[in-house]
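J.: Structure of the sequence below:
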Amino acid sequence: MKTGLETLILPAGGATAGAAARTLASGGLVAFPTETVYGLGADAANATAIAHLYAAKGRPAFNPLIAHVADLAGAQAIGRFDARALSLAEAFWPGPLTLVVPKTEGCPVADLATAGLDTVAIRIPAHPVAQAILRAFGGAVVAPSANISGHVSPTLAAHVESDLSGRIDLIVDGGPVAVGVESTILGCFEAPMMLRPGGLSREKIEAVLGAPLARPPADAESDDSQPLAPGMLASHYAPRANVRLNARDVAPGEALLAFGPVQLPSLDAEVTVMNLSPAADLDEAAANLFGYLRALDAKGPRAIAVMTIPEEGLGEAINDRLRRAAVAR
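T.: Residues are numbered from 1 along each chain as shown. Model prediction:
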């Protein structure tokens, strides 16, 4: 791993996309905003750069990465799309959907990025900053979340700086992201399968397919098994404090991550409270999730108590992240 780097932080716009593309082309690591979270980019064809990315994040080497491209032509250069995959791409790209499809013959994405799988995870991000960088670079860029692996995902450039300053070359500051949880990952297998809930709801995908999505095998999310897709390790997205789900009270030393109206016993003025959405709006909650977890964690509580969040729409993705954060470590 390259250590002691001077991490440059540049505002989005102007010549920044070109500077980011040059950094990527030279094997450097660039953090940039997408509509979901900030991603840490490396040239998808450069195994050395990808090794530096794994090292910078402390990311398990068997966890595959998502290749980001600027358009459908770029996606079809690295992955093979059947009719269903193409219909999903046309319906939801650019946007917060990752499709796992078979690699093309001679796919340039490095094996290290696909963790030895014969499939590749692809996304076309909608964020204009990400689009500008990808178009300036002209190839696929792998970009997991720009944070230390297992830590809370970044929704601001300051979050990236906190985790990765001195470990990466460049941070492109494009302000806060809009969605706030990672992309939904869909395996385009014989039966299309939801591999990770995210910023695009199951209901919207099933409406396009005209059929229910399959669910992954029961052991697919074990920390001991090979992930089918990025983000499927059981202990993931975790703050330093323990996380207690479906809280109906707040114990001494705990902070509270609330949702909707707060009517809990044992809640006094000394308890640190952040509310994902006082109006119980799941889109607002998703956008606030990682930033609020980070902010509460920074207060050094014994644990973070989390109120119940509905398992519907983006609530499925929010609860998925919270369950991973709560896995015993």
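J.: how about the strands of this protein, start to end?
T.: Taking DSSP state E, the strands of the chain run over residues 8-11, 30-33, 38-43, 66-68, 97-102, 119-123, 141-142, 170-173, 184-187, 193-196, 242-244, 254-258, 273-275, 303-306.
J.: As CSV, those strands with mean neighbour count, mean pLDDT and distance to Arg22 would be great.
T.: Bear in mind the C-beta positions are built from the backbone N, C-alpha and C, glycine included. Supplementary listing: those in CSV, determined by neighbours: other CB atoms under 10 Å; pLDDT from 0 to 100; distance: least, CB to CB, whole Å:
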stretch, mean neighbour count, mean pLDDT, distance to Arg22
strand 8-11, 14, 98, 12
strand 30-33, 30, 98, 10
strand 38-43, 30, 98, 11
strand 66-68, 27, 97, 17
strand 97-102, 24, 96, 26
strand 119-123, 27, 97, 23
strand 141-142, 28, 98, 13
strand 170-173, 24, 98, 10
strand 184-187, 26, 95, 30
strand 193-196, 23, 92, 32
strand 242-244, 18, 96, 40
strand 254-258, 23, 96, 40
strand 273-275, 17, 96, 39
strand 303-306, 24, 96, 41
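J.: Let's have those in JSON lines, adding distance to Gly210.
T.: Formatted as JSON lines, the entries for the strands of the chain read as follows, by distance: least, CB to CB, whole Å:
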{"stretch": "strand 8-11", "distance to Gly210": "44"}
{"stretch": "strand 30-33", "distance to Gly210": "34"}
{"stretch": "strand 38-43", "distance to Gly210": "32"}
{"stretch": "strand 66-68", "distance to Gly210": "26"}
{"stretch": "strand 97-102", "distance to Gly210": "17"}
{"stretch": "strand 119-123", "distance to Gly210": "23"}
{"stretch": "strand 141-142", "distance to Gly210": "32"}
{"stretch": "strand 170-173", "distance to Gly210": "39"}
{"stretch": "strand 184-187", "distance to Gly210": "15"}
{"stretch": "strand 193-196", "distance to Gly210": "15"}
{"stretch": "strand 242-244", "distance to Gly210": "37"}
{"stretch": "strand 254-258", "distance to Gly210": "37"}
{"stretch": "strand 273-275", "distance to Gly210": "38"}
{"stretch": "strand 303-306", "distance to Gly210": "35"}
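J.: And the longest helix seen in the chain, what does it pack against?
T.: The residue-count maximum for a helix in the chain (DSSP state H) belongs to helix 282-298. Other helices and strands packing on helix 282-298, by 3 or more CB pairs under 8 Å, 6 or more residues apart in numbering; DSSP states H and E, are helix 157-164, strand 254-258, strand 273-275, strand 303-306, helix 315-325.
J.: do that again at 10 Å, thanks
T.: Using 3 or more CB pairs under 10 Å, 6 or more residues apart in numbering; DSSP states H and E as the contact test, the elements touching helix 282-298 are helix 157-164, strand 242-244, strand 254-258, strand 273-275, strand 303-306, helix 315-325.
J.: Return the set of buried residues in it.
T.: Buried residues in helix 282-298, counted by 16 or more other CB atoms under 10 Å: 282, 284-297.
J.: Determine which two of the residues you listed are furthest apart.
T.: Longest distance between any two of the buried residues of helix 282-298 is 22.0 Å, between Leu282 and Asp297; criterion CB to CB.
J.: Output the below-cut-off pLDDT ranges for the protein.
T.: By pLDDT under 70, the low-scoring segments of the chain are 1-3, 59-62, 218-228, 231-237, 266, 329.
J.: Which residue lies nearest the spatial centre of it?
T.: Residue closest to the average C-alpha location in the chain (CA atoms, centre = their mean): Glu182, at 3.4 Å.
J.: how far away is that one from Gly198?
T.: Glu182 sits 5 Å away from Gly198, taking CB to CB, to the nearest Å as the criterion.
J.: what is in contact with the two at once?
T.: Both Glu182 and Gly198 are in contact with 36-37, 96, 98, 231, 317, 320-321, where contact means CB atoms under 10 Å, 6 or more residues apart in numbering.
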